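Colleague: Quick one, what's the 3D model for this:
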Amino acid sequence: MSLRIGVVGAGGFGRAIARASARHGHEVTLWSRKERELPDPIQASTDIMSMRDRDLIFMAVPARHAAEAAEQLGEVVDGRNLMVHISRGLIGSDLKTITQVIREKTVCRRLGALAGPLMAEALAEGRPSGAILGTGFPELTEMVREAIGGSELRVYDTPDVLGVELASEIKQQVALDLHVVESAQDVLEPFELLGPRVDYPPWVETVEELEEVSELLGVDAQTV
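Modeller: Residues are numbered from 1 along each chain as shown. Predicted coordinates for the structure are as follows:
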C-alpha cells in the first residue's frame with residue numbers, strides 16, 4: 001500500500017525519514033521554511049498546505065521549534081491526519097511534552113512519539129536499526145511500520161507515550177552529563193582509585209532521580 005507521507009523539518013532525522021519512506025515506495029513531501037534540494041522522488045515544499053492531504057505526518061524539528069511547527073500544522077490538518085514526532089526535549093517552564101503541545105496546537109488526536117535507539121544515519125542508509133513508538137492507536141503503529149519499518153528497521157510499540165518521551169529526554173540528559181564528565185577527566189582522577197564504577201557519579205544520580213519522577217507521573221518503569 002502506497003501512503004502519502006509528510007515530513008516537517010529538513011534536519012538529519014527529517015531527511016532520513018523522507019529517504020526511508022521513499023525507499024519503501026511511498027509518496028513523500030518534505031516541508032521546510034527554506035527551499036531545499038532533495039533527491040528524487042522526494043518532493044520539497046515551503047508551503048505548509050502541502051501537508052493537508054498527507055496520510056501520515058512525521059514532525060522532525062528541534063524541540064525549541066516544535067510549538068511553532070505545530071501551530072503552523074494546526075492551520076491545515078484535521079482529524080484524518082495521523083502524526084508522529086521525533087523531537088527530543090520538554091518545552092517551557094512547565095515542561096510540556098511535544099505530544100501535549102501538538103494536542104494544544106492542532107486537532108490531531110491520533111498521535112505518537114518515535115524514539116531510539118534509532119539513528120538518523122542508519123535510517124537514511126537502510127542499515128539495521130530499531131525504534132520504539134509510543135502511541136495508543138494501533139492504526140498509527142501499522143502505518144509507521146508501513147512507512148519506514150521492515151527487515152532493516154524493527155519498530156516496537158508501547159501505549160506508554162509519556163514514558164517514551166521522558167525516556168528520550170533522559171537519554172539526552174545522560175549523554176550531556178557523560179560529555180561533561182569526559183571533558184573533565186583531570187578533575188575526576190581521584191575517583192579512579194575507587195574503581196571504574198564511580199567514574200561517572202553525576203549521571204547515575206540523574207538517572208535515579210528521573211526514574212523516580214517518571215514513576216510519580218504514572219510512567220511504566222520498564223519504558224524508562
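Colleague: Output the below-cut-off pLDDT ranges for the chain.
Modeller: Per-residue confidence of the chain (counting by pLDDT under 70) places the weak regions at 169-224.
Colleague: packing partners for whichever strand or helix holds Thr99?
Modeller: Using DSSP states H and E, Thr99 maps to helix 98-105. Based on contacts counted as 3 or more CB pairs under 8 Å, 6 or more residues apart in numbering; DSSP states H and E, the elements that helix 98-105 packs against are helix 66-74, strand 82-85, strand 111-115, helix 161-182. Glycine gets a C-beta too; all of them are placed from N, C-alpha and C.
Colleague: ok, then the element right after the third one?
Modeller: Toward the C-terminal end, the helix or strand that comes next after strand 111-115 (DSSP H and E) is helix 120-125.
Colleague: Show me what counts as buried in that following helix.
Modeller: Within helix 120-125, the residues that qualify as buried by neighbour count (16 or more other CB atoms under 10 Å) are 120, 122-124.
Colleague: now could you export just the CA positions of it as PDB?
Modeller: The C-alpha coordinates for helix 120-125 follow below in PDB (Å, rounded to 0.1, in the frame of the first residue of the first chain):
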ATOM      1  CA  ALA A 120      19.300   9.200  11.500                       C
ATOM      2  CA  GLU A 121      22.300   7.900   9.600                       C
ATOM      3  CA  ALA A 122      21.300   4.300   9.900                       C
ATOM      4  CA  LEU A 123      17.700   5.100   8.900                       C
ATOM      5  CA  ALA A 124      18.800   7.100   5.800                       C
ATOM      6  CA  GLU A 125      21.200   4.400   4.600                       C
END
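Colleague: Pull out the buried positions in the helix or strand that comes right after that helix.
Modeller: Taking DSSP H and E as the definition, the helix or strand that follows helix 120-125 towards the C-terminus is strand 129-134. Across strand 129-134, burial judged by 16+ other CB under 10 Å covers 129, 131-134.
Colleague: how far does stretch 79-95 sit from the chain's center?
Modeller: Per CA atoms, centre = their mean, to the nearest Å, the displacement of stretch 79-95 from the mean C-alpha position of its chain is 8 Å.
Colleague: try stretch 140-157
Modeller: With CA atoms, centre = their mean as the basis, the distance from the averaged C-alpha position of stretch 140-157 to the chain average is 14 Å.
Colleague: Start and end of stretch 72-88, how far apart?
Modeller: Distances were taken as CA to CA, to the nearest Å; on that basis the terminal residues of stretch 72-88 are 19 Å apart.
Colleague: what comes up buried for that stretch?
Modeller: Under the neighbour-count rule (16+ other CB under 10 Å), stretch 72-88 has 72-74, 76-77, 81-88 buried.
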